[in-house]
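**Q** Prediction below, plus the sequence it came from.
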Amino acid sequence: MGCSSCSTGKDGQPRGCKNNGTCGTDGCNKLTVFDWLSNMSLPSGEKSFAGVEIRFKNSRKEFFKNTENLTLSIGDIVATQAKTGHDVGMVTLTGELVKVQMKLKKTDIDHEDTLKIYRKATQKDIDIWQKCRDREEEIKKRAREIAIILGLQMKISDVEFQGDGSKATFFYTAEERVDFRQLIKDMAKAFGIRIEMRQIGYRQEAQRLGGIGSCGRELCCSTWLTDFRSVSTSAARYQQLSLNPQKLAGQCGKLKCCLNYELDMYLEALKDFPSQDSKLFTEKGLAFCQKTDIFKGILWFSYKDEPANWHTLTANQVHEILRKNKAKEKVASLEEYAVENLQEEKTVFENVVGQDSLTRFDKPKRKGKRNNNKKRRNNRKRPAKNA
């Protein structure tokens with residue numbers, strides 16, 4: 001994810017926005033919503049929607065009410081209301097699209113729990129906010145050391161400071177319930193701030209931290225995926241994937257979310273296929289299904305007494321045999337159906353002008369000159385004949 005103004009300069013700093021991932025255009029941030037109504041003006045007499053979407057650290061976004069009628073645009077740093085004190089965030093969306101987003105999140109702008117925006121952040125607010133952000137890595141490391149000393153089975157994955165620096169939220173993952181009361185006391189004494197502990201799942205941890213997946217792209221959960229549906233091994237079975245935990249697991253240690261992306265298409269395609277438990281009754285013996293190829297529309301069956309010898313059948317042929325079996329008729333054998341499926345393999349690509357030659361641009365060897373030099377050396381070595 002990167003906007004066009006974030007190309008790297010000579011000194012390693014971003015060439016355009018100079019903010020290293022928090023640019024004012026919001027083009028290289030996580031879970032960004034494109035404002036396609038930004039160039040359109042409201043009809044006369046219409047007021048702009050009072051709701052504003054504001055992004056805080058990582059992917060945390062919340063909706064606030066613009067009660068002061070501030071003129072805000074994407075990329076503005078604002079001071080917002082918090083439960084205690086105030087917080088500092090960046091405006092990511094304004095106008096009518098905020099109403100659509102709030103409807104998707106099932107939130108109401110007029111609800112009593114909806115917080116409001118105080119003002120645009122001053123330079124003093126930004127300095128305090130940046131100073132707190134610089135302390136997060138050091139405090140996270142110290143908090144992990146305290147948790148290890150107390151023997152707590154938990155992993156502190158991230159720390160997020162409130163904009164005024166009066167509170168810090170620690171995000172952690174744990175397999176079981178953790179009693180962290182002593183941990184909060186020790187951290188409050190060591191850091192001199194109010195502490196809030198928030199447990200998150202392993203997928204939410206990967207969402208906050210981000211990273212590169214095995215596909216070579218940024219993690220879906222940290223760029224565009226907002227809802228985490230449950231993923232089971234049956235999704236891999238329907239897609240005929242190898243049940244290898246190392247290949248099916250993502251960086252969070254759970255099954256990859258992308259296993260669900262094409263699952264519906266596979267389930268729809270499998271409706272035209274006979275069941276994997278189908279049994280074919282032939283005069284030669286009972287046959288079982290060994291493998292299915294959804295893309296080619298074929299199945300492989302083998303006899304009970306010959307499990308290593310597979311016969312290729314199409315889905316229509318299997319349905320035909322099943323209909324005959326249902327009418328208490330047996331086919332002679334699977335071979336008579338498999339012979340119909342034998343086709344000569346056609347060459348898809350033919351080398352006409354040598355496109356696949358790796359040495360087609362190399363200079364040809366000059367064999368003629370080398371042979372002439374060899375003949376001259378041989379003539380010199382021969383003794384002269386007597387006249």
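**A** In hand now; what should we look at? Numbers count the residues shown, from 1 in each chain.

**Q** Now do stretch 271-278, average pLDDT.
**A** In this model, stretch 271-278 has an average pLDDT of 87.

**Q** so how far is the first residue of it from its last?
**A** Its start and end residues considered, stretch 271-278 measures 14 Å (CA to CA, to the nearest Å).

**Q** same check, this time on stretch 109-117
**A** Stretch 109-117 end-to-end distance (CA to CA) = 13 Å.

**Q** cool, stretch 280-288 as well?
**A** 7 Å.

**Q** neighbouring contacts of it?
**A** With contact meaning CB atoms under 8 Å, 6 or more residues apart in numbering, stretch 280-288 is reached by 279, 301-306, 311, 318, 321-322, 325, 330-334. (Each C-beta comes from the backbone N, C-alpha and C, glycine too.)

**Q** Buried residues, it. List them.
**A** Buried positions in stretch 280-288, judged by neighbour count with 16 or more other CB atoms under 10 Å: 280, 281, 282, 287.

**Q** out of those residues, who's nearest residue 152?
**A** Nearest to residue 152 out of those is residue 287 (CB to CB; 57.8 Å).

**Q** next one: the lengthiest helix in the chain to chain centre, how far?
**A** Counting by DSSP state H, the longest helix found in the chain is helix 123-149. Relative to the centre of its chain, helix 123-149 is centred 28 Å away, using CA atoms, centre = their mean, to the nearest Å.

**Q** For it, name the packing helices and strands.
**A** Helices and strands touching helix 123-149, by 3 or more CB pairs under 8 Å, 6 or more residues apart in numbering; DSSP states H and E, are strand 77-81, strand 86-94, strand 155-161, strand 167-173, helix 181-191.

**Q** any idea how far the following helix or strand past the last one is from the chain center?
**A** Sequence-wise, the next helix or strand beyond helix 181-191 is strand 194-199, with elements assigned using DSSP states H and E. Counting by CA atoms, centre = their mean, strand 194-199 is centred 28 Å from the centre of its parent chain.

**Q** thinking again about what came up before, out of the contacts of stretch 280-288, which are buried?
**A** So, of the contacts of stretch 280-288, 301, 302, 303, 311, 318, 321, 322, 325, 331, 334 end up buried under the neighbour-count rule (16+ other CB under 10 Å).

**Q** Greatest separation within the buried residues of stretch 280-288: which pair is it?
**A** Across the buried residues of stretch 280-288, the longest distance by CB to CB is 8.0 Å; it joins 281 and 287.

**Q** now the helices for this protein?
**A** Residue ranges of the helices in the chain, as given by DSSP H, are 96-104, 123-149, 181-191, 202-209, 220-223, 233-238, 245-248, 263-270, 315-326, 335-338, 367-381.

**Q** Quick one, which of those helices gets closest to residue 114.
**A** So among the helices of the chain, helix 96-104 is nearest, using CB to CB, at 9.2 Å.

**Q** what angle do the closest one and strand 86-94 make?
**A** Using axes from the mean of the first three to the mean of the last three CA atoms, to 10 degrees, the direction of helix 96-104 lies 110 degrees away from that of strand 86-94.

**Q** So what's the gap between helix 96-104 and the chain middle?
**A** For helix 96-104, the distance to the chain centre is 25 Å (CA atoms, centre = their mean).

**Q** just stretch 213-221 next, same as before
**A** 4 Å.

**Q** which parts of that stretch are buried?
**A** 213, 219, 220, 221.

**Q** The last one against residue 205, yeah?
**A** No. At 9.5 Å, residue 221 and residue 205 do not qualify as touching, with contact defined as CB atoms under 8 Å.

**Q** which residues do those two both contact?
**A** In contact with both residue 221 and residue 205: residue 252, using CB under 8 Å, 6+ apart.

**Q** contacting residues for residue 272?
**A** Contacts of residue 272 were listed using CB under 8 Å, 6+ apart, and they are residue 315.

**Q** go with 10 Å
**A** By CB atoms under 10 Å, 6 or more residues apart in numbering, the contact set of residue 272 is 294, 297, 315, 316, 319.

**Q** Can you turn the buried subset of these into a selection I can paste into PyMOL?
**A** PyMOL command restricting the contacts of residue 272 to the buried ones, with burial defined by 16+ other CB under 10 Å:
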select buried, resi 294+315
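
**Q** Count the residues that sit near residue 54.
**A** 24 (other CB atoms under 10 Å).

**Q** tell me the centre residue of the protein?
**A** By CA atoms, centre = their mean, the chain has its centre lying nearest to residue 220, at 2.7 Å.

**Q** May I have the residues that are in contact with the residue nearest to that one when sequence neighbours are not counted?
**A** Of all residues not flanking residue 220 in the chain, residue 257 sits nearest, at 5.8 Å (CB to CB, 6 or more residues apart in numbering). For residue 257, the contact set (CB under 10 Å, 6+ apart) comprises 203, 206, 213, 219, 220, 221, 225, 227, 228, 229, 231, 250.

**Q** could I get the buried residues of stretch 280-288 as JSON lines with distance to residue 33?
**A** Output for the buried residues of stretch 280-288, formatted as JSON lines (distance: CB to CB, whole Å):
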{"residue": "280", "distance to residue 33": "54"}
{"residue": "281", "distance to residue 33": "59"}
{"residue": "282", "distance to residue 33": "60"}
{"residue": "287", "distance to residue 33": "55"}
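
**Q** need the contact list for the closest residue to residue 228 other than its chain neighbours.
**A** With CB to CB, 6+ apart as the criterion, residue 228 has its nearest non-adjacent residue at 4.9 Å, and that residue is residue 203. Contact analysis of residue 203 by CB under 10 Å, 6+ apart lists 219, 221, 225, 228, 231, 250, 251, 252, 253, 254, 255, 257.

**Q** Just the buried ones from the residues you listed, in PyMOL syntax?
**A** Of those, the buried ones go into a single PyMOL selection, burial set by 16+ other CB under 10 Å:
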select buried, resi 219+221+225+228+231+250+251+252+254+255+257
